[in-house]
Every structure is written in structure tokens, then in C-alpha cells.
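>>> Fold the following and give me the result.
(chains A and B)
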There are 2 protein chains.
Amino acid sequence: MNISKKVAEMQFSPIRKFNPLAIKAESEGKKVYHLNIGQPDIETPAVFMDAIRAYQPKVIAYGESGGLPSLQDAIIGYYKKIGVDLERKDMIITTGGSEALLMAFLCVMNEGDQVMMAEPFYTNYNTFAKEAGGSITPITTSAEDGYAYAKKELLEKSLTPNTKAIGCITPGNPTGNVLTKEDMQVICEFAAEHDLWIIADEVYREFVYDGRQLASFGQMKGYEDRVILVDSISKRFSACGARIGCIISKNADLMSGAMKIAQGRLCSSTIDQVGAAALYSVPQSYYDDVNTEYCSRRDTVYDALMKIPGVTCQKPGGAFYMTVKLPVDDAEDFLNFLLTEFEDNGETVMFAPASGFYATPNIGKDEIRIAYILKKEDLVRAAELMGLGLEAYNKKLGK
Amino acid sequence: MNISKKVAEMQFSPIRKFNPLAIKAESEGKKVYHLNIGQPDIETPAVFMDAIRAYQPKVIAYGESGGLPSLQDAIIGYYKKIGVDLERKDMIITTGGSEALLMAFLCVMNEGDQVMMAEPFYTNYNTFAKEAGGSITPITTSAEDGYAYAKKELLEKSLTPNTKAIGCITPGNPTGNVLTKEDMQVICEFAAEHDLWIIADEVYREFVYDGRQLASFGQMKGYEDRVILVDSISKRFSACGARIGCIISKNADLMSGAMKIAQGRLCSSTIDQVGAAALYSVPQSYYDDVNTEYCSRRDTVYDALMKIPGVTCQKPGGAFYMTVKLPVDDAEDFLNFLLTEFEDNGETVMFAPASGFYATPNIGKDEIRIAYILKKEDLVRAAELMGLGLEAYNKKLGK
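Sure thing, here's the model as predicted:
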């Protein structure tokens, strides 16, 4: 009576596994600046709770497995504005982008199959791949190369006979790397040449900076049949706790497979869908304001971190993460120190160790992921605490 | 570029696949009595929406992967009353009972493994088993035997070298069969003898009639380590569209595996959890009233159906389903007739064909599942329509 091999082999979320230490520190009165999780402090637009408060059903009933038509139509309207024409049948509303990813992986992978992805990548992809009986093949990238991977030769090196798809997170988590239209073209051609699906996780789509233009694999002409879009309201509308995402594809076989899975689990939350439909009514100024805010947070935290001796980082072009190299051997040990031993005026800082974001063993042990989701003065203080913590940690180690 | 074998082999939900025909009939002005889905018309207690309306966070944030502590504590309180002592670590809040089942299957099955279950069983188990890379081995039961399966010899016949668990839905969906404490003892001993997990789906726990006592595998002393409870608020509180369930086990390895999966998908809906926590505050009279109502609905629909020539059925002891044998060769064809050709005063009736609830091919083709979730006058009319429909259908076939 053992647990299954695939679950035994899964990892705990490196983003969440230090939570107990943080909770303990906080219960002892310490203030912890959380840069460890992509939970923005930007307010969820009020229309979300307004729509839910106005919803007065006598029975909170199952919705359609594919999603509430009102939400589907709101999403169709959103995509129309970015030049992607969808019908309801091209879309299933999911329980967060997480469920959309799991559905995509279940639909494309048999036992032992692989999805190739640029590493470092959002660590929970490993969990979804394991659940589907497969795994992730890494395309190793580095800060020095700007985390670029849309290069035919590099992609071909990671291809195996069992590769069924290429997964692209753009803008990227945890690097902030943004694919251009030209990059997407390279990836589409590579996928077509090797008959691969493209799983495009674009939940940070609006968060691109420095004049970069929003780009989506959904806009790539001639490749509609192999593109699977994964989307979510979590980051776009700062509504992570409302578990609403969607899986989108023009491939009817894929959507038919995803619908079988969707029917098995019945439906996504009716109440969250009611709120989500309302979110898509926010004006363009909402997107613009949020973009400006994140861009300025990025600049703030980047500048502050660059002042710390020994810290290096590629300035990210999108999303709200950056991968940062620290002057330590083991970022997990350093984080442990920050949460259990260190404090400055009763305060400390928390991040996500980056090694869990790599599929290749033993890379990234000196790297961390930072989510710049706090307001600027908090980011400045968090970076200051990082600097003070590094000083104290290396002093303790006798460095 | 194909979809995976496991997804290709999955079935569409036999409960939902006739929905498009029903929607078409309704759009043409026909009234359809829905006995096809376990969506009760009993009102969700008002405390659910009241708690949500009173919830005023600025940011709808991620909750803990294991669930909101307030909801966990409410569930711990509920279980205490039925003699099951739990701690927070024994439980993960899930997105409906559906996700709890998927987690359980992923945790106990490797590729090619099996879970044994009495058939007919809730059809979506096939989907969850496929997602986990395994399958369901049926223990064939019949109305004549009261769908009984807690018999050592019968269980042993279905055992294979790859059986990892026995799944029990009690009270049963779609039969309404209720396991007694003695039945549970037989199953526990069998599981211990063959080192199996017990996956106990008890989402209809309160719905037992005719003096039967609420019984739970969680109450079985000496077997705590192998029992995995699957629970949900959907049926208990008539809140199916709030996707809140839980997986419960005293086995730390199992819960550790389930937590890895839970962390991968981050958390369940924060808003739904806030509402769910409030639901557990309803007084005992709520449970009593709902029980009385369902019991009386069962009697109503059973008596009405028994008057139709050629219809046979085992009177169910619990849940709100019954499996009914009709005087037709193919219940799917009959349902198609009801939705597309038949009407009486602009009305017709819908049920779930039962063949999809069997894992053994070609059984149950003349059986249907009825959910008695409508108020009594509607159930009487639905049964009348069933009788009239059968008459018209067999006349059309020249019988």
C-alpha cells in the first residue's frame, strides 16, 4: 500500500515550501516582505465583487462544463481586440490557468512523453507533466543570453523522439523573458517541422515594458491547428484567489479531448465565473495603469538590487518576476537563515529559491526568483533587507 | 500531432452528452423535466451568499494550498459530531469532490493499475482513472441482489495483481445502495488482507432513509491508515456550483502526495471557501428537513414509476438516485426520441442512460439513472411523461 511512483517523485512547490517558516516568523511578530509568490497587492477591480454581490440565485447550481456563456462571450470580446477570432467551441473555462495546463498536458502526452521548455520555468509545470505521466525536457537558457531560446539549433538539441509539444511561457515566469513575433515565428516553424503542439501560457500577456508590443501565439497565421493557449484572470485582474482560467484551441480534436476531461470534473466555480465575466468590462485605462505600475516597480527593485555587491540580474522585459543570482552557494540555506535567524528592526524578506525552476539537476542553486508585486517603498525596503541579510549571512559563514 | 491515447479513449459524460438536444428542445419552447443530473432544486442555505457578500477583501488572493483554515476547522467540527477526529493536516480542501477523487487516483495508481468498484458506478470515475493512467475493474452487481457487493467471494473475483484500491460510493450513485457498518467491516478486512487502499466517496452521507444510520469509513477503527475519504458540500448543502470538496486521510504519506498535487494547482476558490465555511454553521434541523424531503421524493417517484408497465427498480436506501430498468432495448435511443420527437402538452422528460455507468461492455443498455431532485408535483409529472413516452416510443417501433 504505497503511493504511486509519479506522485512520490513529484516535488513540493519550491514557491510554497518555505511558507511554514514564514508563518512561524510572522507569528513571532516579525514582518516578512513576501517576494516569493506572484500574488500582487494591486486591488482586484471592484466590478468583480459587485457582480457577485448582485448575483442572487436560489440555488448555486452546476454551470456548463465548458463555462458560463456570459464569461465565454466576454473572453471572445477580449480576444477580438487583440486580433484573435474565437467561438465558444474553441474555449473551455477552467479552474485557474493551472487546470488549463493540466488539461493540455493530459491531452498531448502519453506515458513517458515529453514537453520541451526553456528553463528556468514555472516550477509547477513539473507537477502537471508528472500527473499526465510525462516529463519536461529542458532547453537550458541563461541570464547572459537574455534567456533567449527561439533559436532553431538550440531547440533541436532538446528534441527527443518522445517530444510531443513545446511549452512557452511568454512573458516568462520566472525570468520575465518576452518572445517577439519573430521569436514566435521561429518556434512555430520548428513545431511544424517536427509535428509538435505549442502550449502557449500567456497569462502575463499585458505585462510587457519598454515599448514591447503585446504578442500572442493566437495571432500566428497558419499554425492555428497546433496552438493551445492557456490564459487566466489571476494576474491580468489581480484575482488569483478566483480560480478562473481557460484553455483555447482551434484544433477540434484537442478541444474534444479537453471537453471529456472538463465534463468529468463537471464545471468551474459558478460564482467566480460571474465575477470574472464582469472583470472583462474594465476600460483600457485599467490595463495601461497596471502596466505602468509594474514597469515602475521593476525599475525600482532592479535598481535597488543592482546596488548590492555580488548580485547580478537580467532586467526583465515583461511579467512581474526576475531571476537574480546571489553571492551565496545555496539560496535555500540563505532563505532559511533569513526566516529563522535574521532580522533588521523586526523585519526580513522572503523569495523563491530558483533551483526548483530548473529541470537540469544542480543548476540555479545560487539563484532566486523575485516577484515584484509590492508597492515601491516596500520593494526598496525588501531589497535593503536582502543586502543586509546577505552581509549577515556571509559574515556568519566566515566569508 | 495526435491527442493522447488515454484522452482519446475517454468517454464524454453520459450524464451531459444529451444536453445539446435538451437545450435545443427548450429553445423551441418545450419544457424538459431534468432527472438527468444530480443538481437539486433545494435552495442553498442563505448563509452561503451572506458570507460572501460580507467578504470585503481589496485583493482576491491565493489561499493556502490545503485550504482556508476557517473552512478546515468548520469541517473538523462537522466530523467531530459523527465521531471522526481530524486535524488540519489530515485534510486538503479541493475543487469539488471531483478534484479529491482525481487526487486520490493519482496518489494510488501507477500506469496500468486498477481501482475496483461495484458497477454501475458514477461514470466520471472512468475519466479520473484514465487521467491517472489506470482503469476501473468492475464488481458486477444487479438490482435483483439489491446492488450488494460487500461479500468476500464477490470481491475476490474482481481482484487482479494490479488492483491498488477499492472504491466505494456510499450512499451509492447511481443505485442509492447504502453500505451498513457490517458491510464496511467486510470491505475493510478484504482491503487489509490484500493491502488495498479504500477510497470512500461519501458525499451523500446524510441522505439515508427508512431508519438507516449514517455510517462512514472514517469511523472504522483499525483501518485509518488505508482509508481515503472524499467529501463535498455540493449535495449536502445543495451548492453544486460552488466547487468545494475535500480529501481526508490519516495516512501521512498519502496526504503528503496529495499536498504536492495541491500545491501544483495553488488553491481552491477563495470566495467559494468563504461561503462553504458558513454552510457548516447550519443547525441539525437543516439536515433533518432535507432528509425528510428527499425520502418523500423517493417514495413519490418510486410509486409513480412502479405504475408504468414493464418498469422495474430496486427501491434505493439513500442518496437521490435510482437505477431503473425500462421496457426498451436501448435507453439512449429512447432518450433521443423523448427530446426530439415526443411531447405531451409541450412537455417531455430527460434522464441519464445507465450504460455509461457500467465498465462491463453491453450491460445496462435498457437501464437509466434518475435523480429525484425536483419537487414532488414535478416528479409525478415527469414519471407520467416517462409512461406516455414509453407508450409512444414502443408504438412507433411497432411493439
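
>>> Hmm, residue A:127 is touching residue B:264, no?
Yes - the criterion here is CB atoms under 8 Å, and residue A:127 meets it with residue B:264 at 3.2 Å. Where C-beta positions appear, they are placed from N, C-alpha and C, glycine not excepted.

>>> any shared contact partners between these two?
Residues touching both residue A:127 and residue B:264 by CB atoms under 8 Å, 6 or more residues apart in numbering or on different chains: A:10, A:13.

>>> Could you pull out the strands in chain A for me?
Using DSSP state E, the strands of chain A run over A:31-34, A:91-94, A:114-119, A:135-140, A:163-169, A:197-201, A:227-232, A:245-249, A:312-313, A:321-325, A:347-350, A:352-353, A:367-371.

>>> Determine the set of other helices and strands touching the second one.
When you say that, I think you mean strand A:91-94. Here strand A:91-94 touches helix A:69-81, helix A:96-108, strand A:245-249, helix A:252-264, going by 3 or more CB pairs under 8 Å, 6 or more residues apart in numbering or on different chains; DSSP states H and E.

>>> let's see it at 6 Å
strand A:245-249 (3 or more CB pairs under 6 Å, 6 or more residues apart in numbering or on different chains; DSSP states H and E).

>>> do the first one as well
When contacts are defined as 3+ CB pairs under 6 Å, 6+ apart, strand A:31-34 packs onto helix A:19-27, strand A:347-350.

>>> re earlier: can you list the strands of chain A in CSV and add mean pLDDT and mean neighbour count?
Listed next are the strands of chain A as CSV, based on pLDDT from 0 to 100; neighbours: other CB atoms under 10 Å in any protein chain shown:
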stretch, mean pLDDT, mean neighbour count
strand A:31-34, 96, 18
strand A:91-94, 98, 26
strand A:114-119, 98, 24
strand A:135-140, 96, 19
strand A:163-169, 98, 25
strand A:197-201, 98, 26
strand A:227-232, 98, 26
strand A:245-249, 98, 26
strand A:312-313, 92, 18
strand A:321-325, 95, 24
strand A:347-350, 97, 23
strand A:352-353, 94, 28
strand A:367-371, 95, 26
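
>>> which bits of the stretch 1-150 of chain A sit near chain B?
Within reach of chain B by CB under 6 Å from any CB of the partner chain, the stretch 1-150 of chain A has these residues: A:1, A:3-5, A:7, A:10, A:12-13, A:16, A:39, A:43-44, A:53, A:58-63, A:95, A:98, A:106-107, A:109-111, A:124, A:127, A:131, A:133.

>>> Which among the residues you listed count as buried?
For the residues of the stretch 1-150 of chain A next to chain B, a burial check counting by 16 or more other CB atoms under 10 Å in any protein chain shown picks out A:1, A:3-4, A:7, A:10, A:12-13, A:16, A:39, A:44, A:59-63, A:95, A:98, A:106-107, A:109-111, A:124, A:127, A:131, A:133.

>>> Give me the subset of those that lies in helices.
Counting by DSSP state H, the part of these found in helices is A:7, A:98, A:106, A:107, A:124, A:127, A:131.

>>> If we only consider those, which is nearest to chain B?
residue A:127 (3.2 Å; CB to the nearest CB).

>>> What distance do you get for that closest one to residue B:263?
To residue B:263, residue A:127 is 7 Å away according to CB to CB, to the nearest Å.

>>> And for residue A:343?
27 Å.

>>> now swap in residue A:121 and tell me
According to CB to CB, residue A:121 stands 16 Å off from residue B:263.

>>> before we move on, what about residue A:331?
From residue A:331 over to residue B:263 the distance is 19 Å, taken as CB to CB.

>>> So which of residue A:343 and residue B:263 has more stuff around it?
Here residue A:343 and residue B:263 are compared on neighbour count by other CB atoms under 10 Å in any protein chain shown; more neighbours surround residue B:263, at 25 against 20.

>>> leaving aside the residues next to it on the chain, what's closest to the more buried one?
Distances taken as CB to CB, 6 or more residues apart in numbering or on different chains place residue A:13 nearest to residue B:263, at 3.8 Å, with adjacent residues excluded.

>>> ditto for residue A:210
Spatially, and ignoring its direct neighbours in sequence, residue A:210 is nearest to residue A:317 (6.4 Å; CB to CB, 6+ apart).

>>> So that neighbour is in contact with residue A:178, correct?
Yes - with contact defined as CB atoms under 6 Å, residue A:317 counts as touching residue A:178 (4.2 Å).

>>> Overlap of the contact sets of those two?
Contact criterion CB atoms under 6 Å, 6 or more residues apart in numbering or on different chains; residues shared by residue A:317 and residue A:178: residue A:212.

>>> Can you point out the buried residues in stretch A:76-91?
For stretch A:76-91, the neighbour count (16+ other CB under 10 Å) marks A:76, A:79, A:84, A:86, A:90, A:91 as buried.

>>> low-confidence ranges in chain A?
Residues of chain A meeting the criterion pLDDT under 70: none.

>>> cutoff 90 now
Counting by pLDDT under 90, chain A contains low-confidence ranges at A:1, A:11-20, A:37-41, A:142-146, A:356, A:361, A:398-399.

>>> Just want the most central residue of it.
Geometric centre of chain A, nearest residue: residue A:173, 4.9 Å, by CA atoms, centre = their mean.

>>> Which residue, neighbours along the chain excluded, lies closest to that one?
Nearest non-adjacent residue to residue A:173, counting by CB to CB, 6+ apart: residue A:122, 4.5 Å away.

>>> ok, the one you found - how many residues close by?
22.

>>> How about the contacts made by residue A:216?
When contacts are counted by CB under 6 Å, 6+ apart, residue A:216 is found next to residue A:202.

>>> For it, give its distance to chain B.
Separation of residue A:216 from chain B (CB to the nearest CB, to the nearest Å) stands at 20 Å.

>>> Identify each buried residue in stretch A:9-26, please.
So for stretch A:9-26, counting by 16+ other CB under 10 Å, buried means A:10, A:12, A:13, A:14, A:15, A:16, A:17, A:18, A:19, A:21, A:22, A:25.

>>> what's the second one sitting at in phi/psi?
If I follow you right, that is residue A:12. Backbone torsions of residue A:12, given as degrees, to the nearest 10, read phi -70, psi 150.

>>> quick one: stretch A:149-165 to chain centroid distance?
22 Å (CA atoms, centre = their mean, to the nearest Å).

>>> What separates the first and last residues of that stretch, distance-wise?
One end of stretch A:149-165 to the other measures 15 Å (CA to CA, to the nearest Å).

>>> ok, how many other residues are close to the nearest residue to residue A:177 once chain neighbours are set aside?
Distance criterion CB to CB, 6+ apart; nearest residue to residue A:177, sequence neighbours excluded, is residue A:147 at 4.0 Å. Residues contacting residue A:147 under the criterion other CB under 10 Å number 21.
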